[in-house]
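*Asks:* Pasting a predicted model and its sequence here:
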Amino acid sequence: MDKLEIKATSRTPEVSFDFDNNHLKISGESYPEDAMEFYNPILDSLDAYLENLGSGNCRFDFELIYFNSSSAKVIMMLMDKLDEAAENGGLVEVYWYYDAEDDTMEELGEEFGEDLEHAKFHLEKMED
């Protein structure tokens with residue numbers, strides 16, 4: 001499967017999905033005008049990838065410094081898809097990175113992590 005690479009803009013995150021190496025990453029800020037328009041191709045690519053994951057492994061890194069409420073809904077959708085893949089036998093690890101000074105992003109990571117039942121969740125402080 002081809003890589004999915006989307007460069008960051010002032011309102012959208014960088015997306016780097018290296019499917020061959022099972023390493024998916026979203027980083028930066030996310031407050032697009034239309035979250036679903038931006039994220040639909042990402043969700044579609046993730047669906048196609050996870051459909052063939054089987055008992056394979058997948059690492060998903062979230063390195064977000066800000067996101068709005070419509071992006072939060074999409075993040076929850078991403079988490080649900082990852083958790084379902086883990087429930088179906090995949091070894092899915094989710095890493096949530098946050099700045100040491102950003103209590104809000106740490107708390108949001110904790111909340112997202114609590115909703116995962118099957119995927120392994122890691123809350124990681126980023127050091128300068």
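*Replies:* Sure thing, it's come through. All values reported here derive from a predicted model rather than from experimental measurement.

*Asks:* can you give me the strands in the protein?
*Replies:* Shown for the chain, the strands assigned by DSSP state E span residues 4-6, 14-18, 23-30, 57-67, 91-99, 120-126.

*Asks:* so the closest residue to P13 other than its chain neighbours bridges to which residues?
*Replies:* With Cβ to Cβ, 6 or more residues apart in numbering as the measure, G28 is the residue that lies nearest to P13, at 4.0 Å, once sequence neighbours are left out. Where C-beta positions appear, they are placed from N, C-alpha and C, glycine not excepted. Judged by DSSP bridges, the bridge partners of G28 are L64.

*Asks:* from memory G28 sits against D61, does it?
*Replies:* No: under the criterion of Cβ atoms under 8 Å, G28 lies out of contact with D61, with a separation of 11.9 Å.

*Asks:* what about the longest helix in this protein?
*Replies:* helix 69-87 (DSSP state H).

*Asks:* which ones are touching F17?
*Replies:* Residues touching F17, when contacts are defined by Cβ atoms under 8 Å, 6 or more residues apart in numbering, comprise 3-5, 24-25, 42, 45-46, 49.

*Asks:* Who are the contact partners of D18?
*Replies:* 3, 24.

*Asks:* Quick check: it vs D2, distance?
*Replies:* Distance, D18 to D2, by Cβ to Cβ, to the nearest Å: 10 Å.

*Asks:* ditto for V15
*Replies:* According to Cβ to Cβ, V15 stands 13 Å off from D2.

*Asks:* Compare neighbour counts for those two and give me the winner.
*Replies:* V15 (22 against 8; other Cβ atoms under 10 Å).

*Asks:* Could you give the bridge partners of that one?
*Replies:* With DSSP bridges as the criterion, the beta-bridge partners of V15 are I6, I26.

*Asks:* about what we covered before: what about the residue nearest to P13, how many neighbours?
*Replies:* By the measure other Cβ under 10 Å, the count of residues near G28 is 18.

*Asks:* low-confidence ranges in this protein?
*Replies:* Counting by pLDDT under 70, the chain shows low-confidence ranges at 128.

*Asks:* any idea how far the spatially most central residue of the chain is from N52?
*Replies:* Centre of the chain computed as the mean C-alpha position; nearest residue by Cα atoms, centre = their mean is F62, 4.9 Å away. Taking Cβ to Cβ as the criterion, F62 is separated from N52 by 22 Å.
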